[in-house]
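Trainee: Here's my sequence, what's the structure:
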Amino acid sequence: MKKTDFVVKSNKPITKNVMEMKLAGDTSDIILPGQFVNILIDGFFLRRPISVCDCDGKMLTIIYKIVGKGTQKMAEMTEGTKLDVLTGLGNGYDLAVSGDFPLLIGGGVGVPPMYLLAKKLISLGRKVRVILGFNTCDEIFYENEFKKLGAEVIVSTVDGSYGKKGFVTDVIQEDYSYIYCCGPEPMLKAVYKASKTGAQFSFEERMGCGFGACMGCSCKTITGYKRICKDGPVMFKEEILWES
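Mentor: Presented below is the predicted three-dimensional model:
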């Protein structure tokens, strides 16, 4: 974990309630796809944990949904705004176990970490398929960005207004070697039940401190409760015990 000052270079809407922010600063502590940053916002006691969409050493891209006063204030930030950011948080995805044909599944704001993961896996010579799940066509983002990486992209919408109609589990094809997934817990649980191979799941959870001190975010596993922010947010399929 490193505390770093970043400067906003751009901050724009990519759907009605979803923003893409690019920040200039040192991203050397971000080692693996699936890690997150924790942003201090003036006037708010708790930092905002945001997953990493992309980084290249000097630039960080995050995508966030406007869901409350904190993210609303973030949405109003302009170029040149300075931010206090904790970087390199969380464990990230293990790329070594992907096999040759990994399947990446992102739902809603669970899509962003899949972008850096896809980029890394493709650079390793993997043939990547990505399923992007949304409720409706108005919520879709980053379809073309994934295609530009060279990934095969399938978009599903619950209402059928774009792409394949249904949930992400309705469009899973059988020819994959491994699954990586991020999204709301009901989606993670559904993918878990549908998966035929090993898998890793990144949990979205409200966090207090963001680095394991408060025990406010936990997931039940075969070895006891693990902290999403410190021991996660990525968990292996084999260790997860779902709460009933």
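Trainee: gap between the longest helix seen in the chain and the chain center?
Mentor: The longest helix of the chain (DSSP state H) is helix 112-123. Computed by Cα atoms, centre = their mean, to the nearest Å, the chain-centroid distance of helix 112-123 equals 10 Å.
Trainee: Please save the CA atoms from it in PDB.
Mentor: What follows is helix 112-123, C-alpha atoms only, in PDB (Å, rounded to 0.1, in the frame of the first residue of the first chain):
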ATOM      1  CA  PRO A 112     -13.700  -2.200 -15.100                       C
ATOM      2  CA  PRO A 113     -11.200  -4.600 -13.400                       C
ATOM      3  CA  MET A 114     -11.900  -7.000 -16.300                       C
ATOM      4  CA  TYR A 115     -10.300  -4.500 -18.700                       C
ATOM      5  CA  LEU A 116      -6.800  -4.600 -17.200                       C
ATOM      6  CA  LEU A 117      -7.200  -8.300 -16.700                       C
ATOM      7  CA  ALA A 118      -8.000  -8.900 -20.300                       C
ATOM      8  CA  LYS A 119      -5.100  -6.700 -21.400                       C
ATOM      9  CA  LYS A 120      -2.600  -8.700 -19.200                       C
ATOM     10  CA  LEU A 121      -4.000 -12.100 -20.300                       C
ATOM     11  CA  ILE A 122      -3.900 -11.200 -24.000                       C
ATOM     12  CA  SER A 123      -0.300 -10.000 -23.600                       C
END
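Trainee: List the buried residues of it.
Mentor: Of the residues in helix 112-123, those with enough neighbours to count as buried (16 or more other Cβ atoms under 10 Å) are 112-122. Just so you know, the C-beta spots here come from the backbone N, C-alpha and C atoms, and that holds for glycine as well.
Trainee: helices or strands next to that helix in the packing?
Mentor: Here helix 112-123 touches strand 48-55, strand 102-107, strand 129-134, helix 143-149, strand 178-183, going by 3 or more Cβ pairs under 8 Å, 6 or more residues apart in numbering; DSSP states H and E.
Trainee: Name the nearest of the buried residues of helix 112-123 relative to residue 167.
Mentor: Residue 167 lies nearest to residue 114 out of the buried residues of helix 112-123, by Cβ to Cβ, at 16.4 Å.
Trainee: Provide a list of residues in contact with the closest one.
Mentor: Residues in contact with residue 114 (Cβ atoms under 8 Å, 6 or more residues apart in numbering) are 33, 104-106, 130, 132, 146, 180, 182.
Trainee: try residue 160
Mentor: Residues near residue 160 by Cβ under 8 Å, 6+ apart: residue 166.
Trainee: and it, which of the three is it?
Mentor: coil (DSSP: H, G, I helix; E, B strand; the rest coil).
Trainee: after the helix or strand of the chain with the lowest mean pLDDT comes which helix or strand?
Mentor: When each helix and strand of the chain is scored by mean pLDDT, DSSP states H and E, strand 224-227 comes last, with a mean of 69. Downstream of strand 224-227, the next assigned helix or strand under DSSP states H and E is strand 234-236.
Trainee: before we move on, back to that, among the helices and strands packed on helix 112-123, which is the most enclosed?
Mentor: For the helices and strands packed on helix 112-123, average neighbour numbers computed from mean count of other Cβ atoms under 10 Å are highest in strand 102-107, which has a mean of 28.
Trainee: Give the pairing partners of that strand; include direction for each.
Mentor: Sheet pairing of strand 102-107 (DSSP bridges) gives strand 129-134 (parallel), strand 178-183 (parallel).
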